[in-house]
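Student: Sequence and predicted structure, then a few things I'm wondering about:
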Amino acid sequence: MYNLKLSEERAKQIALHLMDKGIIVDQIYIEGRGEIRDDKPKNLNRKVEIKVTVIE
């Protein structure tokens, strides 16, 4: 539960940072995934992925 909340807060802070930098956003979807159990070192799982979609 702690890791899920932490990952959600990390994603939220990135979204706020983008808006503070003047990036106009129509929709932001944030998702925290909590603890990822795999063979990677933990620091490699502490990341934020950003996907940008442009609709013309």
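Tutor: Good, I have the coordinates.
Student: alpha carbons only for contacts and neighbour counts from here, please
Tutor: Will do.
Student: contacts for whichever strand or helix holds residue 8?
Tutor: Using DSSP states H and E, the element containing residue 8 is helix 2-20. Helix 2-20 is contacted from outside by 25, 28, 30, 31, 32, 33, 34, 35, 46, 48, using C-alpha atoms under 8 Å, 6 or more residues apart in numbering.
Student: go with 6 Å
Tutor: Helix 2-20 is contacted from outside by 30, 31, 32, 33, 34, 35, using C-alpha atoms under 6 Å, 6 or more residues apart in numbering.
Student: Name the member of those with the most neighbours.
Tutor: In terms of neighbours by other C-alpha atoms under 10 Å, the contacts of helix 2-20 top out with residue 30 at 18 neighbours.
Student: Contact partners for that residue?
Tutor: Applying C-alpha under 6 Å, 6+ apart, the residues contacting residue 30 are residue 11.
Student: And the residue nearest the centre of the chain, how far from residue 17?
Tutor: With distances taken as C-alpha atoms, centre = their mean, residue 11 lies nearest the centre of the chain, 3.0 Å away. Remark: distance between residue 11 and residue 17 (C-alpha to C-alpha, to the nearest Å) = 10 Å.
Student: again, but for residue 34
Tutor: Residue 34 is 21 Å from residue 17, by C-alpha to C-alpha.
Student: Kindly report the same for residue 1.
Tutor: From residue 1 over to residue 17 (counting by C-alpha to C-alpha), the distance is 25 Å.
Student: and if you look at residue 29?
Tutor: Taking C-alpha to C-alpha, one finds residue 29 at 14 Å from residue 17.
Student: Counting neighbours, go ahead and name the busier of these two.
Tutor: Neighbour count, other C-alpha under 10 Å: between residue 29 and residue 17, residue 17 has more, with 12 against 9.
Student: Before we move on, what's the pLDDT of the more buried one?
Tutor: Per-residue confidence (pLDDT) for residue 17: 89.
Student: need the helix or strand of the chain with the lowest average pLDDT.
Tutor: Least confident helix or strand of the chain, by mean pLDDT, DSSP states H and E, is helix 42-45 with a mean of 72.
Student: mind saving the C-alpha coords of it as PDB?
Tutor: Output in PDB follows, covering the C-alpha atoms of helix 42-45 (Å, rounded to 0.1, in the frame of the first residue of the first chain):
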ATOM      1  CA  LYS A  42      14.600  -1.400  -7.500                       C
ATOM      2  CA  ASN A  43      16.100   1.900  -8.600                       C
ATOM      3  CA  LEU A  44      15.300   1.000 -12.300                       C
ATOM      4  CA  ASN A  45      11.600   0.600 -11.400                       C
END
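Student: Thank you kindly, that will do.
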